[in-house]
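Visitor: Just a sequence and a predicted model for now, questions to come.
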Amino acid sequence: MTAINNIVEDKGDFIELFRKNVIRVIKAHPITEATTEYDNQIDKLQKKMLSIVEENAKQGAVAEAFDEEYKSISNQINKLEREKARLAQTQKNEKDHEQRLAEMDKTLRIINPKLKDFDQELVRRLIQT
């Protein structure tokens, strides 16, 4: 067991390198930055909608073109709000991902590769190798 643990101790560097590589690979997953682009687009569309409502009110009649444009803008706003909600969910998932990564890093830091009990099968494999 002492001989096996001496071999495993030399692999302590392997565990540290493994930990760093796992973290590097996982962090390579891009994290979406918080954005207000959706908010800006929604705000512009809401202002545009307000202006066409005001213009239509000045004319005093409901035009068919107004209805179509109003509906089109409303659909665009709804689509942007769904995209914004999907982005918020993605960001939440990425925060959860970061938390799991931190937990994995903590676990890998405390791993002790030494064997405590004799394992005949392991010894046979080591001898064969």
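Guide: That came in fine, so what should we check first? Numbering: from 1, shown residues only.
Visitor: Helix or strand for the residue nearest the centre of the chain, just tell me which one.
Guide: The centroid of the chain falls nearest to Glu94 when counting by C-alpha atoms, centre = their mean (2.7 Å). Assigning secondary structure by DSSP states H and E places Glu94 in helix 64-110.
Visitor: Looking at the helix or strand that comes right after that helix now, give me its mean pLDDT.
Guide: On the C-terminal side of helix 64-110, the closest following helix or strand by DSSP H and E is helix 120-128. In this model, helix 120-128 has an average pLDDT of 81.
Visitor: okay, helix 120-128 in CSV with CA atoms only?
Guide: Extracted C-alpha coordinates of helix 120-128, given in CSV (Å, rounded to 0.1, in the frame of the first residue of the first chain):
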residue,chain,number,x,y,z
GLN,A,120,-6.2,-6.8,-4.8
GLU,A,121,-7.8,-6.1,-8.2
LEU,A,122,-6.2,-2.6,-8.3
VAL,A,123,-2.8,-4.1,-7.4
ARG,A,124,-3.2,-6.7,-10.2
ARG,A,125,-4.1,-4.0,-12.7
LEU,A,126,-1.1,-1.9,-11.6
ILE,A,127,1.2,-4.9,-12.0
GLN,A,128,-0.1,-5.7,-15.4
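Visitor: residues of that helix that come out buried?
Guide: Along helix 120-128, not one residue counts as buried under the neighbour rule (16 or more other C-beta atoms under 10 Å). Placement of C-beta: from N, CA and C, glycine included.
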